[in-house]
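Asks: I would like to see how this sequence folds:
(chains A and B)
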Amino acid sequence: MPRRSSLPVTFVVPTLVILLILSMVPTLYAIVIALQNRELSSTAYSYVWFSNFVDLFFDRRFLNAVWVSVKWEVVTVVATMAVAIGLGVLMFEVASPRLRNIYCLLFIIPVLLPRVSAAFVWKFAYHPLYGIATYPYRLLTGGLIFDPLSKPATALFAVASVDVWQWGLFFAVIVLKLLETLPPQPIEAARLDHARRWQIHAYVTLPMLKAPLISLMFVKMIESLRSFDLIYVMTRGGPGVATETLDMYAFSQGFIESGKVSYASAMAVLMMIATVITFTMLWKRVQA
Amino acid sequence: MKPIRLAASLGAAFMLSATVSTIALAQAPVCSAPVKVLAQPRDGLTLLEDSKDEFQKLSGASFQIDYLNENDRRAKSRADASTVGNYNVYYVDEANVALFASSKWIVPLTDYYPADYDYADFDPGRQKVATYDRKVWFAPLTGGGDLMVYRKDILEAAGIQPPKTLDELIADVPKLTNPDKGIYGIALRGARGSGANVWRWMPFFKAYGGQWFDGDKPAFNSDAAVKATETYLKLFKDSAPGTQTGSWDESTGAFLSGQVAILVESTPLSGMAVDPKTSQVVGKIGFLPPPAPLTGGGYGHGLAIAAKANADDASKKCAGLFIAWATSKENEKRRLDAHQFGELNRTSILSSKEFADIYGADLGQALAETGKVTAVNFWQDPRWPDLGDRWGIILEELVTGTRTDIKGGLNELEAYANELVKK
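Replies: The predicted model follows:
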């Protein structure tokens, strides 16, 4: 009987231990803090168990933050995927290989910009008097003022457009490259059957790319959960609480306004549970 | 004779060694490591960085300043002071000095501020703001009250005299607004924060007789607060675009670029307004105290010695020396020479001939008069940032129209204040 090698264990165990420590220690610590009443301004604390969690459900800003986070997630993911697929297919259909390369280069630039820089650039672009993004409105209306970041109805979409500008264009490049890797035979067969261009993509190419497109969507969903820096720089959660997402409200309670770190941790724990459940369900549904 | 000679030799040796060690001690550097400072951007601090070598010679070590904008600086310094304590010196302000002092995140400054640097020379108003619980906590980098800065040309063209009362201001502002010409009657602050929209709202609150607390009982939910908010929202209809979610930068930026007729803002604005490097309205402006009965928002920002990062006395002395040097007469003179009006805090500089030569008599007169109406408008308590920021969000909601019920907002704030007091 051949002797089993201990080499895999030697390599895997230390890595797993490190990963476990890195992921579990902060998580467990956050859970413990969430059950206490710690505040930054005091070293005294005691266990209040689930009191922070109960309080959250009577906190109008928390409930608003949940709703804003859901809106943010849906708007950015759907818009990014729509822009990515639309632009990817358009480039595939109309651009020559040389032109495609130029577009790819241009479309990758926004995502290379640090989030904070992109946020500042667009914050100025949306300025009601000097902004380049609001200039067409001023031109068409004879100088009327439009301030998208200070209007509750438009602020979230204005910030989301920056997220889509960064990720939608980048994903368009990936979609184009995926289309280029497809075997040409099914597309040719569809053409011989007189399928129209949109029909070829709707019924042949995109269904063939279902798995990578779903992966891309998951990547974007996770990335959208981490848009704190973008929203913070552009609106700080305002106007009022119109763009205050859960992570921003947690940060605000923990460090900006109150120093209630336990209350903020309770939010973080709830966010973690909700994210794990949602993603597991979605993943299982997709797998099925 | 031998024992005498021996004793004399020993005595001489002792004296020599004592002298040498005294000299060595006198020359021993005060600082053993670079001083780490967490601050918000200030022209005075940027200028200070040009003199790093001078501090190195004085103390034996250099310094490093990390800059964050006001709200971020407040959040970061709070997090740092209560946890790791990475910074030797914090930039603190009137709104959070009570919190930092009562939480023992900073130490009393005068214990470690060398007497030669003459703390008593600072403007008395700023010294008052830097004092909490009868102890001095920071050395001022900036401070003052409010001034009304107005465009003489716009007011003259409209046939309007500069408003002396709040009622006149309320009446004049809509008349001065002319969006077709890109002119707005006023610029206010809409962005949330105890140091942002709440700061500008508070003079109205005080003008109508409002007060924050009566003992431990919240007293702000009053007719004065409702009237102040209504007036603020009414004036906001004529506030320059971009200010609804903007703060100091946006409102002063709008004035300095020529879009605003009247601005009641913190005193550093006046220095910026007469400086051709920062202002497009030089020569067209006048200064007056805020229209009565508006109170000026007394404020002060400065440097304080961190408690955690300066665990021993030597580190505290080093941080104290840095603060004393950074706010010294010599450095303040450099700031005057660089026309950094907002960075001047010492009476010896503010009353100097050079100051009058640079800024003129009008501004000096207005500054003297506004000093009489400058007041501490906020609740001087460690819980103020918490309460002020909460009102800041409600006020921003009211300004941007996400909510319309002023009384409902005040009720919500009162419930929150009661929770704070219970703790």
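Asks: residue boundaries of the helices in the stretch 101-250 of chain A?
Replies: Residue ranges of the helices in the stretch 101-250 of chain A, as given by DSSP state H, counting those that start in this stretch, are A:115-125, A:135-140, A:152-181, A:184-192, A:197-200, A:206-208, A:210-224, A:228-234, A:246-251.
Asks: which one of those helices lies closest to B:Tyr67?
Replies: If you check each of these against B:Tyr67 by Cβ to Cβ, helix A:115-125 wins as the nearest, at 14.2 Å. Where you see a C-beta, it was placed from the backbone N, CA and C, and this is true even at glycine.
Asks: sorry, back to before: just the helices of the stretch 101-250 of chain A: most buried one?
Replies: helix A:246-251 (a mean of 23; mean count of other Cβ atoms under 10 Å in any protein chain shown).
Asks: what residues does stretch A:31-41 touch?
Replies: A:45-53, A:254-255, A:258-262, A:265-266, A:268-269, B:78-79, B:82-83, B:99, B:102-103, B:382 (Cβ atoms under 8 Å, 6 or more residues apart in numbering or on different chains).
Asks: who in the stretch 251-400 of chain B is up against chain A?
Replies: B:259, B:382, B:385-386, B:389-390, B:393, B:396-397, B:399-400 (Cβ under 8 Å from any Cβ of the partner chain).
Asks: Which residues of the stretch 51-200 of chain A lie near chain B?
Replies: Checking the stretch 51-200 of chain A against chain B by Cβ under 8 Å from any Cβ, the hits are A:61, A:127-129, A:143, A:145, A:147, A:149-152.
Asks: can I get these in CSV with distance to B:Gly283 and pLDDT?
Replies: Listed next are those as CSV, based on distance: Cβ to Cβ, whole Å; pLDDT from 0 to 100:
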residue, distance to B:Gly283, pLDDT
A:Arg61, 47, 92
A:His127, 27, 91
A:Pro128, 28, 90
A:Leu129, 23, 86
A:Gly143, 27, 82
A:Ile145, 28, 87
A:Asp147, 31, 92
A:Leu149, 34, 94
A:Ser150, 32, 91
A:Lys151, 37, 91
A:Pro152, 40, 91
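Asks: which among these gets closest to B:Ala304?
Replies: A:Arg61 (31.4 Å).
Asks: which residue sits closest to residue 79, ignoring its sequence neighbours?
Replies: I'll assume chain A. A:Val164 (4.6 Å; Cβ to Cβ, 6 or more residues apart in numbering or on different chains).
Asks: meant chain B actually
Replies: A:Phe255 (5.1 Å).
Asks: May I ask you to confirm that that neighbour is in contact with B:Arg78?
Replies: Yes. Counting by Cβ atoms under 8 Å, B:Arg78 is a contact partner of A:Phe255 at 6.3 Å.
Asks: Which one of these two is surrounded by more residues?
Replies: Using other Cβ atoms under 10 Å in any protein chain shown as the criterion, A:Phe255 and B:Arg78 rank with B:Arg78 on top: 24 against 20.
Asks: residues contacting that one?
Replies: B:Arg78 neighbours (Cβ under 8 Å, 6+ apart): A:40, A:255, A:259, B:96, B:99.
Asks: CA atoms of the helix or strand encompassing it as PDB?
Replies: Using DSSP states H and E, the element containing B:Arg78 is helix B:70-82. C-alpha atoms of helix B:70-82 as PDB (Å, rounded to 0.1, in the frame of the first residue of the first chain):
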ATOM      1  CA  GLU B  70     -12.700  69.100   8.400                       C
ATOM      2  CA  ASN B  71     -15.300  66.400   8.700                       C
ATOM      3  CA  ASP B  72     -12.800  63.600   8.000                       C
ATOM      4  CA  ARG B  73     -10.200  65.100  10.300                       C
ATOM      5  CA  ARG B  74     -12.800  65.100  13.100                       C
ATOM      6  CA  ALA B  75     -13.700  61.500  12.500                       C
ATOM      7  CA  LYS B  76     -10.200  60.300  12.100                       C
ATOM      8  CA  SER B  77      -8.800  62.100  15.200                       C
ATOM      9  CA  ARG B  78     -11.700  60.800  17.200                       C
ATOM     10  CA  ALA B  79     -11.000  57.200  16.100                       C
ATOM     11  CA  ASP B  80      -7.200  57.600  16.500                       C
ATOM     12  CA  ALA B  81      -7.400  59.200  20.000                       C
ATOM     13  CA  SER B  82      -9.800  56.600  21.300                       C
END
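Asks: List the buried residues of whichever strand or helix holds A:Val9.
Replies: Following DSSP H and E, one finds A:Val9 within helix A:7-34. The neighbour-count check on helix A:7-34 (16 or more other Cβ atoms under 10 Å in any protein chain shown) flags A:30, A:33-34 as buried.
Asks: and of those residues, the nearest to B:Glu354?
Replies: A:Ile33 (54.9 Å).
Asks: ok, back up a step: selection in ChimeraX covering whichever of the residues of the stretch 51-200 of chain A next to chain B are buried, please.
Replies: What follows is the ChimeraX syntax selecting those of those that are buried according to 16+ other Cβ under 10 Å:
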select /A:61,127,128,129,147,149,150,151,152
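Asks: show me the contacts for the closest residue to B:Phe205 other than its chain neighbours.
Replies: Closest residue to B:Phe205 apart from its sequence neighbours, by Cβ to Cβ, 6+ apart: B:Ala228 at 4.2 Å. B:Ala228 makes contact with B:201, B:204-205, B:207-208, B:210 under the criterion Cβ under 8 Å, 6+ apart.
Asks: Then B:Thr370?
Replies: B:144-147, B:267, B:289-290, B:296.
Asks: Check what pLDDT B:Thr267 gets.
Replies: Per-residue pLDDT puts B:Thr267 at 88.
Asks: Next: B:Ala8.
Replies: 55.
Asks: quick revisit: take the contacts of B:Ala228 and lay them out in a markdown table including neighbour count.
Replies: Converted to a markdown table, the contacts of B:Ala228 look like this (neighbours: other Cβ atoms under 10 Å in any protein chain shown):
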| residue | neighbour count |
| --- | --- |
| B:Trp201 | 25 |
| B:Phe204 | 24 |
| B:Phe205 | 25 |
| B:Ala207 | 22 |
| B:Tyr208 | 20 |
| B:Gly210 | 20 |
